[in-house]
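Asker: sequence and predicted model, in that order:
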Amino acid sequence: MYLNRNVILLVTGLLFLGGCSATQTGILGLAPAGDRKEYVQARDLYSAGNYPEAIRHLSDYIYKTKNVKRREARAYRLLGMSYEQLGQLSKALEVYLEALEFHPSNVPLLLAAASLYQRTDLTDRSIELYEQVLALEPNNLEALSGQGANYSKMGFYSKARSFYDKFFELNPSAAPIYRARYAETFLRQRNYKDAFTHITMALAEDNSSADFWLLSAKAARGLGRPQEALANLEAALLLAPQRRDLLANKALWLYEAGRYEASAQTARQLLTQYPENQLAVLILAMDAYYLGDKKESRRLMQRAFKEDSDSFTGQVAGKLLKQLRF
């Protein structure tokens, strides 16, 4: 009781020395009760999905006063999140960067800004901020996975795995999306065995992702198992039947397997949905050539070349027009 009485006296003395009351500044540096109520109101608006009103309330809360206690990290964070929800990413980033001037070591703000830099392809800046987080919290899972994604995007796949390795060590039951990203680093380096192992682990937990099945199909193909690759690609198409990349891969892989009729059928399906798809036209031309319709093959090859002669597909079509006998 004696200690509590001394604490109360100390706080009271500080308030008097500051020349203001507890209702004006808040005890021990906390936002005053009225301020907290305004923040809660803005938070409730955000939770209700009313982001424009949340922004209006938070902007009033933060900027339309010289009370620096209103420039608290959580208010900035919520304001930035509100802009993110409206798709105003540059504005959200401005908010986070301003907030970091007042709270340079605030981990949630650092993570928010790093994530936005990552989403807007400013990878170098994202890496810098994630490094700051890991200097403060070496086991921060979001920063570890974020760095893994950053270095993978830059093509430093081994370095990316060093972050994922620590991430999985700390979080062995991580969501399968992280295992899939890990698998992709192996696929990019043509280590199809490890890629297949890890994407299979991801599929064991979630077999509802077309991207997972596509990655598995590519790994199986790299391992020289074309039938398994096509079966996994079909599984992906069952989940996303309209995806042009899946249809294009199927048409191409069927062509490579010598199944020209099936390849042509898939290429036509792709062209029905995407009439200007240059790759589908080229695949259909090659199918026609090996099915014996040289005239149709040449017509389609010329069409593929004329659609965009400078693209990789266009350049291939141009070379085939010179090399093949029609």
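Answerer: Great, that's in hand.

Asker: CA only for contacts and neighbour counts going forward, please
Answerer: Fine.

Asker: just the element for Ala195, please.
Answerer: Per DSSP states H and E: Ala195 is located in helix 192-205.

Asker: quick check: which ranges of this structure have low pLDDT?
Answerer: 1-35, 65-70 (pLDDT under 70).

Asker: quick check, central residue of it?
Answerer: Arg119 (6.4 Å; CA atoms, centre = their mean).

Asker: returning to that earlier point: the helix holding Ala195 - contacts with which helices or strands?
Answerer: helix 176-188, helix 210-222 (3 or more CA pairs under 8 Å, 6 or more residues apart in numbering; DSSP states H and E).

Asker: can you lay out those as JSON lines showing distance to Tyr151 and mean neighbour count?
Answerer: JSON lines is the format used below for these (distance: least, CA to CA, whole Å; neighbours: other CA atoms under 10 Å):
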{"stretch": "helix 176-188", "distance to Tyr151": "10", "mean neighbour count": "22"}
{"stretch": "helix 210-222", "distance to Tyr151": "19", "mean neighbour count": "24"}
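
Asker: out of those, the one nearest Glu256 is which?
Answerer: Glu256 sits nearest to helix 210-222 of all those, at 11.4 Å, using CA to CA.

Asker: and stretch 317-326, what's buried?
Answerer: Ala317, Gly318, Leu320, Leu321 (16 or more other CA atoms under 10 Å).

Asker: kindly report the same for stretch 110-122.
Answerer: For stretch 110-122, burial by neighbour count (16+ other CA under 10 Å) applies to Leu110, Leu111, Ala112, Ala113, Ala114, Ser115, Leu116, Tyr117, Gln118.

Asker: distance from the chain centre to that stretch, please.
Answerer: Put simply, stretch 110-122 sits 10 Å off its chain's centre (CA atoms, centre = their mean, to the nearest Å).

Asker: OK, contacts around Leu97?
Answerer: Contacts for Leu97 (CA atoms under 8 Å, 6 or more residues apart in numbering) come out as Ala113.

Asker: among the buried residues of stretch 317-326, which are in helices?
Answerer: Among those, the members falling in helices (DSSP state H) are Ala317, Gly318, Leu320, Leu321.

Asker: want to throw those into CSV with distance to Glu234?
Answerer: Converted to CSV, these look like this (distance: CA to CA, whole Å):
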residue, distance to Glu234
Ala317, 27
Gly318, 31
Leu320, 29
Leu321, 32
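
Asker: coming back round to it: could you list the residues in contact with the helix holding Ala195?
Answerer: Under CA under 8 Å, 6+ apart, the answer for helix 192-205 is 176-177, 179-180, 182-187, 212-213, 215-216, 219-220, 222-223.

Asker: now do the SS call for Arg190.
Answerer: For Arg190, the assignment made with DSSP: H, G, I helix; E, B strand; the rest coil gives coil.

Asker: could you list every residue that touches it?
Answerer: Gly222.

Asker: how far away is it from Trp213?
Answerer: 17 Å (CA to CA, to the nearest Å).

Asker: can you tell me which of the ones in helices among the buried residues of stretch 317-326 is nearest Thr266?
Answerer: Comparing those against Thr266 with CA to CA places Ala317 closest, at 19.2 Å.

Asker: settle this for me: the closest one is touching Phe305, isn't it.
Answerer: Yes - here Ala317 reaches Phe305: they are 5.3 Å apart, a contact under CA atoms under 8 Å.

Asker: kindly provide the distance from Glu98 to Gln88.
Answerer: Taking CA to CA, one finds Glu98 at 16 Å from Gln88.

Asker: ignore the last one, Arg188
Answerer: Distance from Arg188 to Gln88, by CA to CA: 33 Å.

Asker: skipping its backbone neighbours, what lies nearest Tyr221 in space?
Answerer: Quick fix: residue 221 is Arg, not Tyr. Once flanking residues are discounted, Arg221 sits nearest to Ala229: 5.2 Å by CA to CA, 6 or more residues apart in numbering.

Asker: could you chop the chain up by domain?
Answerer: In the assignment given by automatic domain parsing, the structural domains of the chain cover 36-104, 243-326.

Asker: and those as a markdown table, adding distance to Asn139?
Answerer: Formatted as a markdown table, those follow (distance: least, CA to CA, whole Å):
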| stretch | distance to Asn139 |
| --- | --- |
| domain 36-104 | 19 |
| domain 243-326 | 37 |
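
Asker: out of those, which is closest to Ser152?
Answerer: Comparing the domains of the chain under CA to CA, the one sitting nearest is domain 243-326, at 21.1 Å.

Asker: any idea how far the closest one is from the chain center?
Answerer: Per CA atoms, centre = their mean, the centroid offset for domain 243-326 relative to its chain is 32 Å.

Asker: helix, strand, or coil at Pro138?
Answerer: Relying on three-state DSSP, one would call Pro138 coil.

Asker: OK, contacts around it?
Answerer: Contacts of Pro138 (CA under 8 Å, 6+ apart): none.
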